[in-house]
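Asker: for reference, the sequence and a predicted model appear below.
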Protein chains: 2
Amino acid sequence: MTERRTYDAVVVGGGIVGLCCAWRAAQRSASVVVLEREEPPAGATRVAAGMLAPVGELAFGEPELLKLTLAAAERYPDFVAELEAASGASTGYERHGALHVALDRDEAAELRRVHELQRSLGLGAEWLPPRRCRDLEPGLTPSFNGGVHAPDEAAVDPRALTAALLGALTELGVEVRSGAEATEALIDGERIEGVRTAAGEELRAGAVVLAAGAWSGVAEWLPPDARPPVRPVKGQILELRAPGGEAPCERILASERVYLVPRPDGRLIAGATTEEQGFDATVTAGGVHELLREAYRLLPDVAEMELVEAMAGLRPGTPDNLPLIGPGALEGLVLACGHYRNGILLAPTTGEAVAGMLVGEAVA
Amino acid sequence: MTERRTYDAVVVGGGIVGLCCAWRAAQRSASVVVLEREEPPAGATRVAAGMLAPVGELAFGEPELLKLTLAAAERYPDFVAELEAASGASTGYERHGALHVALDRDEAAELRRVHELQRSLGLGAEWLPPRRCRDLEPGLTPSFNGGVHAPDEAAVDPRALTAALLGALTELGVEVRSGAEATEALIDGERIEGVRTAAGEELRAGAVVLAAGAWSGVAEWLPPDARPPVRPVKGQILELRAPGGEAPCERILASERVYLVPRPDGRLIAGATTEEQGFDATVTAGGVHELLREAYRLLPDVAEMELVEAMAGLRPGTPDNLPLIGPGALEGLVLACGHYRNGILLAPTTGEAVAGMLVGEAVA
């Protein structure tokens, strides 16, 4: 006997994007179930540093992405406040600012070029000579060529954020199923009407949200032409811990090759490599070596820190680095994937956009 | 009610030295119990690379240590054969030889000096120009200044060896207690007659063997003047794994700053730092960075390997780098500690020496 259930929406993927979509939809009274093959925090969320840094992540030729990330950063404090109130849990959010440092003359030339772009866009970013950088961060390497201070950049702890979202979802009675895999789409003509799970259950729904991160492009339960152009982009990352419980920097520090994100409890996240390796997510000697070397070049005190964990994850990359949010190639299919390096930052606004679509469609 | 039991010997410490002492004593019909605070493989054994390399580890001014290590290496194959037969388990023993490489002119000058000493002592070690080194190990860095090949050097897998010893001990009915701590010596005049455990049990014995590794010098259950001069010397070590299951070198490779020990299953052990840090056994960013950097300098293929684990342990150091094997400061106390960098190599001969003393004393 096949069990059947009916929801307004089935969300496939228990990373932060899927959970935000589910939370926002449930707040609007939609009945939602989240399916996660492993367990939340899943996919790239599990290993993300949690930087909310649209200014520092700015790249040339991506004005549309900048618009999305700036809007998302602006709304993050309200999202965090609402989520922390709903769940009673901390997300580790801190608006401590970021300092991007040029370690040599070439890096300084490039950083000045980026800073010009930042200024031309009216972003909050100031060029500082080395002395003023060191006033902010006395632990910086003795020799470097200046930096850009972006005081509004922030970070969140993605694992804490996930726990808070799970708490808020529980409050609203949303099922988040771990170890639950979609294996087949229930399709009627051009319309997706739900999914069948590996356990043989039929979950019927007004809409199916594809929030499967790097795996969205190989979702075998979808017809091939309904799979979006998402590819995995490997990233390796380190978790360090200060002996005395106090991180050796106050704000996000970055060079061209590494970023360091301090956590309130004295941990420091060092990230991240960017590798096109398919679905391989192995922690490699070379990747860890590069991160340690560059972290040490930037902030020598890192050498004395405990290396707690080295991790690797797969970011969901897209051809134009923009996320895919909106209707998919089947009626009832909603895409919420392809967030590449910006998943933690863009998840709340993605959740709102998707919930709006779901409620519109499901109610109709 | 205090439980009391009586043995010929209580061995304090479940590292490889303690287990070898217990095995050899039990083979001579002594009744033995081993107490280990944590669980075997304990202490430095848990993180040891398992090199059996008296030629490569040779240092100036340590002729007595060389005599011990050469004798131990010569008898290792018989020990392994006997243990594998008794336990039915593999120890991972491989006599694959070692190649010590000089990465620059300074290292070449120093390596030639050591090689002269090796030759003067009649040890099996040949100086090879780079081309011949690369014939042996094609994965070596493209640029170096020659090396010394010591074909008789070997290695064992200390965790596999421990498992085999535990099997052999079980065969002989020896109790190896995990989570069991000695808290007090039972002393009568100048004689130790057993120990009291944290659980309150009294274990009476003809002899007590102190095989507590780096903790031997701070054994609070012994009177202060019965504690031997052993101090902890921290070592950090890495376990790497080849993607295809085949290690990128056939034999032990070493430079002045790192050694690489291949395992039959494609793992590669990279060791080890030597740090005077007291009882701190934290894996640090600086330590791991140094090992990865030096491993990569020696064998570039290391960069593609999986970093499986980084570990730190505490070697039992002594003032003269010689182990402390024999009667302690109390009658009935037998020392089997202070093996510093040579614990895996010297454990079997230590076990034989200690068992001889135990049987002599216990029977008397």
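Answerer: Done, it's in.
Asker: list the contacts of the nearest residue to A:Glu250 once chain neighbours are set aside.
Answerer: Leaving aside its sequence neighbours, A:Glu250 sits nearest to A:His96 (CB to CB, 6 or more residues apart in numbering or on different chains; 6.0 Å). For glycine as for every other residue, the C-beta is placed from the backbone atoms N, C-alpha and C. Going by CB atoms under 8 Å, 6 or more residues apart in numbering or on different chains, A:His96 touches A:Glu153, A:Ala154, A:Ala155, A:Glu250, A:Arg251, A:Ile252, A:Pro262.
Asker: got a list of contacts for the top helix by length along chain A?
Answerer: Counting by DSSP state H, the longest helix found in chain A is helix A:63-87. If you take CB under 8 Å, 6+ apart as the criterion, helix A:63-87 is touched by A:23, A:52-54, A:57-59, A:90-91, A:93, A:95, A:121, A:123, A:152-154, A:156, A:161, A:163-165, A:167-168, A:171, A:321-323, A:342, A:345-346, A:348-349.
Asker: CA atoms only for the helix or strand just after it, dumped as PDB, please.
Answerer: Past helix A:63-87, further along toward the C-terminus, the next helix or strand under DSSP states H and E is strand A:98-101. The C-alpha trace of strand A:98-101 is given here as PDB (Å, rounded to 0.1, in the frame of the first residue of the first chain):
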ATOM      1  CA  ALA A  98      35.400  43.600   7.400                       C
ATOM      2  CA  LEU A  99      38.900  44.600   6.500                       C
ATOM      3  CA  HIS A 100      40.300  43.600   3.200                       C
ATOM      4  CA  VAL A 101      44.100  43.800   3.200                       C
END
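Asker: by contact count, what packs against the helix or strand following strand A:98-101?
Answerer: Sequence-wise, the next helix or strand downstream of strand A:98-101 (DSSP H and E) is helix A:105-120. Helix A:105-120 is packed against strand A:147-150, with contacts defined by 3 or more CB pairs under 8 Å, 6 or more residues apart in numbering or on different chains; DSSP states H and E.
Asker: re the thing from before, which of the contacts of A:His96 fall within strands?
Answerer: Counting by DSSP state E, the members of the contacts of A:His96 that fall within strands are A:Ala154, A:Ala155, A:Ile252, A:Pro262.
Asker: what's the closest non-adjacent residue to the third one?
Answerer: Of all residues beyond its chain neighbours, the one nearest A:Ile252 is A:Ala98 (3.7 Å), with distances taken as CB to CB, 6+ apart.
Asker: and A:Val156, how many neighbours?
Answerer: A:Val156 sits with 28 neighbouring residues when counted by other CB atoms under 10 Å in any protein chain shown.
Asker: do the same with A:Arg315
Answerer: Neighbours around A:Arg315, by other CB under 10 Å: 24.
Asker: who's in contact with it?
Answerer: Per CB under 8 Å, 6+ apart, neighbours of A:Arg315: A:Ala44, A:Gly213, A:Ala214, A:Pro232, A:Val233, A:Lys234, A:Gly235, A:His339, A:Tyr340, A:Arg341, A:Gly343.
Asker: check which helix or strand covers it.
Answerer: strand A:306-317.
Asker: quick one on the thing from earlier: just the buried ones out of the contacts of helix A:63-87, please.
Answerer: A:23, A:52-54, A:57-58, A:90-91, A:93, A:95, A:123, A:152-154, A:156, A:161, A:163-165, A:168, A:321-323, A:342, A:345-346, A:348-349 (16 or more other CB atoms under 10 Å in any protein chain shown).
Asker: just checking, A:Met301 is part of a helix?
Answerer: Quick fix: residue A:301 reads Asp, not Met. Yes: per DSSP: H, G, I helix; E, B strand; the rest coil, A:Asp301 lies within a helix segment.
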